[in-house]
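Novice: From the sequence below, what's the structure:
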Amino acid sequence: MGEINFSIARHNMVEQQIRPWDVLDQRVLNLIDHAPREDYVPQRFRSLAYVDMNIPIGHGQVMMAPRLEARLLQELAIRASDNILEIGTGTGYMSSLLAALGRHVYSVEILADLEIAARNKLAAHEMANVTVEGGDGARGWEHHAPYDVILITGSLPLLPDSFKRSLAVGGRLIAIVGRSPIMEVKLIQRLDDDSWTEASLFETDLPPLINALQPDRFVF
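Specialist: Residues are numbered from 1 along each chain as shown. Alright, predicted model coming up:
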């Protein structure tokens with residue numbers, strides 16, 4: 001088998017997977033068309049970097065399918081002045097996309113091996129406006145709040161209120177809420193100190209965030 005031309009594979013992914021899934025924001029399309037996703041995929045799956053699938057990254061976690069990554073980026077409508085919180089760094093690829101669009105990304109990873117690998121990858125690509133922090137962000141991460149954008153990259157049975165309250169006024173939050181096999185991608189925007197809007201965008205299925213908040217169980 002010949003060597004994969006990743007540039008062509010990347011362009012085909014944009015045209016055949018991402019654009020047909022209602023991703024029409026040209027900034028997002030251009031960014032993904034030039035971002036070397038293959039450098040962030042685990043080595044054993046490098047040949048699958050541009051395939052429409054979730055890629056395992058260990059510990060039961062996955063790298064989201066490319067079209068889902070692109071759709072979430074578009075829905076967040078990131079501005080160059082935005083401070084961004086990402087819960088779940090994973091491989092660092094999504095962190096790099098967020099950083100290319102916003103001012104600064106604070107990305108939180110609970111798994112030490114993923115944290116170290118992602119930090120090294122981002123440094124190798126000179127992504128100076130990403131701060132990768134080790135810790136458990138499943139209930140919130142207020143260290144650098146308020147945030148203009150929050151993206152939670154694993155699913156949650158319940159969304160803790162702390163995330164909504166960490167948004168700046170006008171800030172946007174995307175969370176994937178529910179249980180497998182049907183989860184809702186929710187977009188929440190803060191209107192003022194005490195009010196938010198919430199919209200359900202589409203359904204998907206993604207592994208849960210480690211230590212995600214669980215619903216109270218009835219005790220009889």
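Novice: what's the offset of the helix or strand hosting I116 from the middle of its chain?
Specialist: Taking DSSP states H and E as the criterion, the element that holds I116 is helix 112-124. Mean C-alpha position of helix 112-124 versus that of the full chain (C-alpha atoms, centre = their mean, to the nearest Å) differs by 16 Å.
Novice: Direction included, what does the strand of greatest length in the chain pair against?
Specialist: For the chain, the strand that runs over the most residues, judged by DSSP state E, is strand 167-179. With DSSP bridges as the test, strand 167-179 is paired with strand 147-156 (parallel), strand 182-192 (antiparallel).
Novice: Would you reformat those as TSV and include distance to S166?
Specialist: Every residue, glycine included, has its C-beta placed from N, CA and C. Conversion of these to TSV gives the following (distance: least, C-beta to C-beta, whole Å):
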stretch	distance to S166
strand 147-156	6
strand 182-192	9
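Novice: and among these, the most buried is which?
Specialist: strand 147-156 (a mean of 24; mean count of other C-beta atoms under 10 Å).
Novice: Report the next helix or strand after that strand in sequence order.
Specialist: Remark: after strand 147-156, the chain's next helix or strand is helix 161-165, criterion DSSP H and E.
Novice: Show me what that next one is packed against.
Specialist: Helices and strands touching helix 161-165, by 3 or more C-beta pairs under 8 Å, 6 or more residues apart in numbering; DSSP states H and E, are strand 167-179.
Novice: Just the CA atoms from the strand it packs on would do, formatted as PDB, please.
Specialist: Extracted in PDB, the C-alpha atoms of strand 167-179 (Å, rounded to 0.1, in the frame of the first residue of the first chain):
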ATOM      1  CA  LEU A 167     -19.800  31.900  31.200                       C
ATOM      2  CA  ALA A 168     -19.300  35.600  30.600                       C
ATOM      3  CA  VAL A 169     -22.400  37.500  29.500                       C
ATOM      4  CA  GLY A 170     -22.800  36.700  25.800                       C
ATOM      5  CA  GLY A 171     -20.700  33.500  26.300                       C
ATOM      6  CA  ARG A 172     -21.600  30.200  24.600                       C
ATOM      7  CA  LEU A 173     -21.400  26.700  26.000                       C
ATOM      8  CA  ILE A 174     -21.700  23.400  24.200                       C
ATOM      9  CA  ALA A 175     -22.400  20.200  26.200                       C
ATOM     10  CA  ILE A 176     -23.400  16.700  25.000                       C
ATOM     11  CA  VAL A 177     -26.100  15.700  27.500                       C
ATOM     12  CA  GLY A 178     -27.800  12.300  28.000                       C
ATOM     13  CA  ARG A 179     -27.100   8.600  28.000                       C
END
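Novice: Tell me which residues of it come out buried.
Specialist: L167, G171, R172, L173, I174, A175, I176, V177, G178 (16 or more other C-beta atoms under 10 Å).
Novice: Can you give me every residue that contacts the third one?
Specialist: Contact analysis of R172 by C-beta atoms under 8 Å, 6 or more residues apart in numbering lists E75, L76, A77, D148, V149, I150, L187, I188, Q189.
Novice: so can I have a markdown table of those showing distance to L24?
Specialist: Output for those, formatted as a markdown table (distance: C-beta to C-beta, whole Å):
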| residue | distance to L24 |
| --- | --- |
| E75 | 12 |
| L76 | 15 |
| A77 | 13 |
| D148 | 22 |
| V149 | 20 |
| I150 | 23 |
| L187 | 17 |
| I188 | 22 |
| Q189 | 20 |
